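In: give me coordinates for this.
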Amino acid sequence: MQTVAAYTALNDVAAERAAKLFQQGQDCIYRRTDRFFARLMVFQWLAGIAAALWISPKTWAGASSQTHWHVWAAIFLGGAIASFPVFLVWKQPGRALTRHTIAVAQMLTSALLIHLTGGRIETHFHVFGSLAFLAFYRDWRVLISATLVVALDHFVRGIYWPQSVYGVLTVSPWRWFEHAGWVLFEDTFLFISIRQSLRDMLEVAARRANLEEVNADIERQVGERTAELANSLSVLHATLESTADGILVVDYQGRITNFNRKFTEMWRLPQEVLAAGDDQQALAAVLAQLKDEETFLRKVKQLYARPEAESFDTVEFKDGRVFERYSQPQRIAGKSAGRVWCFRDVTERKRAEAELENVHKQLLDTSRRAGMAEVATGVLHNVGNVLNSVNVSTTLVSEDLKRSKAGNLARVAAMFREHAADLGAFLTADPKGKQLPAYLGQLAEHLTGERSALLKELDLLKKNIEHIKDIVAMQQSYAKVSGVIEVVKVTDLVEDSLRMNAGALTRHAVQVVREFDPHLPEITVEKHKVLQILVNLIRNAKYACAESSRTDKEMTVRVTNGDDRMRIAVVDNGVGIPAENLTRIFNHGFTTRKDGHGFGLHSGALAAKEMGGALRVHSDGPGLGATFTLELPLRRS
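Out: Predicted coordinates for the structure are as follows:
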């Protein structure tokens, strides 16, 4: 049952292969057993002749003798019985005809031997031995042929020649049936043995077919994996060769195990050095090209001494080239087997970085100057506004002096000098003299009013001049501290920025709202940079409000603290910013004003970044105002 189950469990291809293997096994057994019986036939023929010569070589008639006819029967009949099967084995091995012929011939040989031995019971065992040998074919049909021949031989000779087969002159007519029964008894066991043997053969064939299928599948998988591996290696090699980095792989015995073409081009190594595969030779060849040979060599030795270490550094050449060097262990099956060196030529990048750094410094300097220019522009605007007030006050004083009646005092004094001799009579009797006291009272009152007005204008003029002095002094103080980091109060910087824009805010009727968190800490910054940003933001907010044509123009300056950062927000209710402009508003040269240069916000963003902060913008859209927020760290790192 297991054999049948194993066979039926196979797929169609495997079942067909198992059947073919089973058939091949049977054919091999048939041919092998054919050759065995061919040799056995010849041996039995010779043995029959020997038996005939030994048992009854001669027959006697009185004093005369001659060769016994048994001898001739053994020679010629035995030869005839053996020759045809041997011929078939030679010409048609493995054929069914050959098997059945051998079975018949084998039973006839047994009959001949039984006859030659006079029907001895011991010779009958040759039949049973022959049946056992015929079972080698593992073909029950061969046993049927042999059994029929045995039964027929015993039946015929038992009737007509019992002494030849049983060794007695008379026997029971059913004696042949007894012998046939014993033959069938043996056949039964031989049939069972053949059936079991065939089952075993079929199971072996099924297992072999299954194994062949598994092996074929394994070979197919191995072939696919081999092809994949070859493809992977090809891709890996192509990738290795196409990379911009020079790659070198060295094992811990100092042998170069792999490298790419870029490595040889970068290091300009002779071909014979690479062909030698010696890391020390390659190392000696590259040292002469380096600026600092000792540092390079020391780093290499340190990494070889620490197999698990990783490293990154820069290598400078005498000819000005610069390489970045990466090194990490090469791991195979989780174990460090060598070291991988990667070299990247960054000469052009370093040059570009140096140029970019120079440009950046120039840009920062320009930004600082532009920022100071913004501050100076604000100062000039405020000074101009104050000068307008000074001019108005000066004009008023001048016109008041021109209209002053103080000159009438000279005429009164002249009249007094003219009537000095009779001053009393003049004041009491003369009509003009009588009017002088009242006139002098009115004149004194008028001059007192003029004096008050002039004092008021002069006081305003003094305040405006002081304001000019304060603005100029403030600008000078910030200009002097350029680049100096100080601890300051943010609110002081905000108030200074508002004062510098006070005149413009007043002229455009922009109301300023201050929202300062209480207990704000001091911050460490460069005052002039923060000032230039705030002046620019307040000035832009003023323009945004002025262009909105609103009557309730308002700008809120909000100062908050949180997350170790100070935030100064300048919020206006002006024209707002379209969404498409929010991403480029800090770009150099971008502006929406006709007379703008597009540098203020850009320089402010650069200055904020340089101080470790940021300048951000938010607007809900056109007509909805905007919020610019300057973030600054409390402490400069």
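
In: now stretch 127-147, how far from the centre of its chain.
Out: 73 Å (C-alpha atoms, centre = their mean, to the nearest Å).

In: ok, residues contacting it?
Out: In this structure, residues lying in contact with stretch 127-147 by C-beta atoms under 8 Å, 6 or more residues apart in numbering are 26, 29-30, 33, 36-37, 40, 96, 99-100, 102-104, 106-107, 109-110, 114, 150, 180, 182-184, 186-187, 190-191, 193-195, 197-198, 201. The way it works is simple: take the backbone N, C-alpha and C, and place the C-beta from them, glycine included.

In: next: stretch 272-279.
Out: Val250, Gly254, Arg255, Ile256, Thr257, Phe259, Thr264, Gln281, Ala282, Ala285.

In: buried ones in that stretch, by neighbour count?
Out: Val273, Leu274, Asp279 (16 or more other C-beta atoms under 10 Å).

In: check stretch 204-220 too.
Out: Ala205, Ala206, Arg207, Arg208, Ala209, Asn210, Glu213.

In: and stretch 20-40, by the same measure?
Out: Buried-residue list, stretch 20-40, by 16+ other C-beta under 10 Å: Leu21, Phe22, Gly25, Gln26, Ile29, Tyr30, Thr33, Asp34, Phe37, Ala38, Leu40.

In: residues making contact with it?
Out: Against stretch 20-40 from outside (C-beta under 8 Å, 6+ apart): 85-86, 89-90, 93-95, 98-99, 102, 106, 133, 136-139, 201-202, 204-205, 208-209.

In: return the subset of those lying in helices.
Out: 85-86, 89-90, 98-99, 102, 106, 133, 201-202, 204-205, 208-209 (DSSP state H).

In: what about the helices in the stretch 151-300 of the chain?
Out: Applying DSSP state H, counting those that start in this stretch to the stretch 151-300 of the chain gives helices spanning 162-166, 175-242, 261-267, 271-276, 279-287, 293-305.

In: which of those helices sits closest to Val322?
Out: helix 261-267 (11.5 Å; C-beta to C-beta).

In: name the helices or strands packed onto the closest one?
Out: strand 246-251, helix 279-287, strand 335-345 (3 or more C-beta pairs under 8 Å, 6 or more residues apart in numbering; DSSP states H and E).

In: indicate which one of the ones you listed is closest to Val512.
Out: strand 335-345 (55.7 Å).

In: chain center to the closest one: distance?
Out: 19 Å.

In: likewise for stretch 326-333?
Out: 18 Å.

In: for the helix or strand where Ile81 lies, which outside residues touch it?
Out: Using DSSP states H and E, the element containing Ile81 is helix 78-91. Residues outside helix 78-91 that contact it (C-beta under 8 Å, 6+ apart) are 34-35, 37-38, 41-42, 44-45, 48-49, 95, 97-98, 101-102, 105, 108-109, 112.

In: now stretch 606-617: buried residues?
Out: Per 16+ other C-beta under 10 Å, stretch 606-617 contains these buried residues: Leu606, Ala607, Ala608, Met611, Gly613, Leu615, Arg616, Val617.

In: now, which of the residues you listed sits nearest Met555?
Out: Nearest to Met555 among the buried residues of stretch 606-617, with distances taken as C-beta to C-beta, is Val617, at 15.2 Å.

In: residue contacts, the closest one?
Out: Ile577, Leu582, Ile585, Phe586, Ala626, Thr627, Phe628, Thr629.

In: could you find the closest non-adjacent residue to the first one?
Out: In this case it means Ile577. In space, Ile577 comes closest to Ser619 once its chain neighbours are excluded; the distance is 3.8 Å by C-beta to C-beta, 6 or more residues apart in numbering.

In: for that neighbour, what are its contacts?
Out: Contacts of Ser619 (C-beta under 8 Å, 6+ apart): Gly576, Ile577, Ala579, Leu582, Gly625, Ala626, Thr627.

In: same question, Gln302
Out: Neighbours of Gln302 in contact, by C-beta under 8 Å, 6+ apart: Ala309.

In: so what's it scoring on pLDDT?
Out: For Gln302, the pLDDT comes out at 84.

In: from Val315, how far off is it?
Out: 15 Å (C-beta to C-beta, to the nearest Å).

In: can you list the helices of the stretch 151-300 of the chain in TSV and add distance to Val340?
Out: Output for these, formatted as TSV (distance: least, C-beta to C-beta, whole Å):
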stretch	distance to Val340
helix 162-166	94
helix 175-242	11
helix 261-267	11
helix 271-276	17
helix 279-287	13
helix 293-305	11
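
In: closest to Ser327 out of the ones you listed?
Out: Here helix 293-305 is closest among those (C-beta to C-beta), at 5.5 Å.

In: thank you, goodbye.
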